[in-house]
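model this:
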Amino acid sequence: MRAFIEKQLGISPSANFINVGRGRRSKFREYDRPLTLDEIEEEIVLDDDCAFVVSVGDLHEKAIARLAGSCQVESGDSIFTLSLWSDRRADWTPLVSMANAVLDLIYGYPYLPFYAGWQSETNIGRYEQCYGPADSRPKVMSGFPPIERLVIDTSLNPGREFSDNGEFKGVAAEMWFAPRFWERRELSPADVLLAVPGATAEEIHGLTRICSQEREFDRPDGEQGEIQKALWKVIFNREVRW
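Numbering: from 1, shown residues only. The predicted structure is shown next:
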């Protein structure tokens with residue numbers, strides 16, 4: 001993680017923060033005080049909590065990587081989220097490779113939080129406030145009588161991610177697959193390349209990296225929409241539309 005931060009962002013140590021956490025060290029931290037990389041490493045070692053958020057450059061993320069793996073204490077896929085703040089596209093190779101070394105990784109991908117939020121928003125009021133008119137979006141009744149309300153139906157949105165019978169599902173312009181993913185879906189990288197025009201594949205540290213577009217998806221329509229449709233169909237045998 002430290003090498004990734006230093007190499008990818010090349011930032012001053014004063015731009016690093018760690019959240020207060022839930023462990024025994026939380027009361028000794030000042031949430032808004034910048035920490036050096038040495039101090040961050042020391043806090044993680046000293047604390048007894050298993051989860052931390054390290055924000056780089058700001059307290060808000062611009063890029064996020066979602067990783068699906070498995071955990072012995074849970075049934076179904078476990079979801080791990082890695083976040084960083086950057087104006088330029090990051091090379092996720094070191095971070096995904098590191099995650100694969102310590103997690104029972106299935107697959108993962110980076111995505112834009114704004115796009116994921118747009119594609120997952122069901123509340124009509126919030127949708128119109130954040131993303132524009134919702135008149136053309138499909139609607140469905142949610143809840144049980146007498147407490148029912150009309151919401152946006154996001155079930156077929158190309159940018160939506162969800163769990164289905166314990167299996168996490170989502171697609172992105174850059175995706176990383178472990179061998180066990182291909183075994184699970186009875187697929188091969190060649191199947192994806194055949195179904196998605198212009199996609200490329202390469203083997204890195206025992207993982208298959210497939211790229212279908214240079215930048216992360218930020219729209220569900222046009223050429224991007226067609227690529228996402230093709231990815232959903234070949235990888236999860238699922239039809240999507242916008």
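
Where do the helices of this structure begin and end?
Assigned by DSSP state H, the helices in the chain fall at 2-9, 37-46, 93-102, 113-120, 124-130, 179-185, 189-195, 222-236.

Check which helices and strands the fifth one is in contact with.
The elements that helix 124-130 packs onto, with contact taken as 3 or more Cβ pairs under 8 Å, 6 or more residues apart in numbering; DSSP states H and E, are strand 147-152. C-beta: built from backbone N, CA, C; applies to glycine.

show me what contacts D221?
If you count contacts by Cβ atoms under 8 Å, 6 or more residues apart in numbering, D221 has them with W242.

quick one: it from V240, how far?
11 Å (Cβ to Cβ, to the nearest Å).

Look up the pLDDT of the most centrally placed residue in the chain for me, please.
Nearest to the mean C-alpha position of the chain, by Cα atoms, centre = their mean, lies R66 at 2.8 Å. On pLDDT, R66 comes in at 82.

For L35, the count of nearby residues, please.
19 (other Cβ atoms under 10 Å).

Please tell me I have it right and it contacts E41.
No: between L35 and E41 there is no contact under Cβ atoms under 8 Å: 9.5 Å.

the bottom helix or strand of the chain by mean pLDDT?
strand 54-56 (a mean of 56; mean pLDDT, DSSP states H and E).

Where does pLDDT dip in this structure?
Residues of the chain meeting the criterion pLDDT under 70: 1-23, 30-34, 37, 48-63, 70-75, 82-89.

who's sitting farthest from the centroid in it?
Relative to the chain centroid, the chain (Cα atoms, centre = their mean) has P146 farthest, 35.9 Å.

Name the nearest residue to R25, ignoring sequence neighbours.
D47 (4.1 Å; Cβ to Cβ, 6 or more residues apart in numbering).

Tell me how many other residues crowd that neighbour.
Neighbours around D47, by other Cβ under 10 Å: 19.

ok, now D218?
Residues near D218, counting by other Cβ under 10 Å: 14.

ok, for it, nearest residue in space, not its chain neighbours?
According to Cβ to Cβ, 6+ apart, the nearest residue to D218 is Y115 (5.0 Å).

surely that neighbour meets E216?
Yes: if you go by Cβ under 8 Å, Y115 and E216 touch, sitting 7.3 Å apart.
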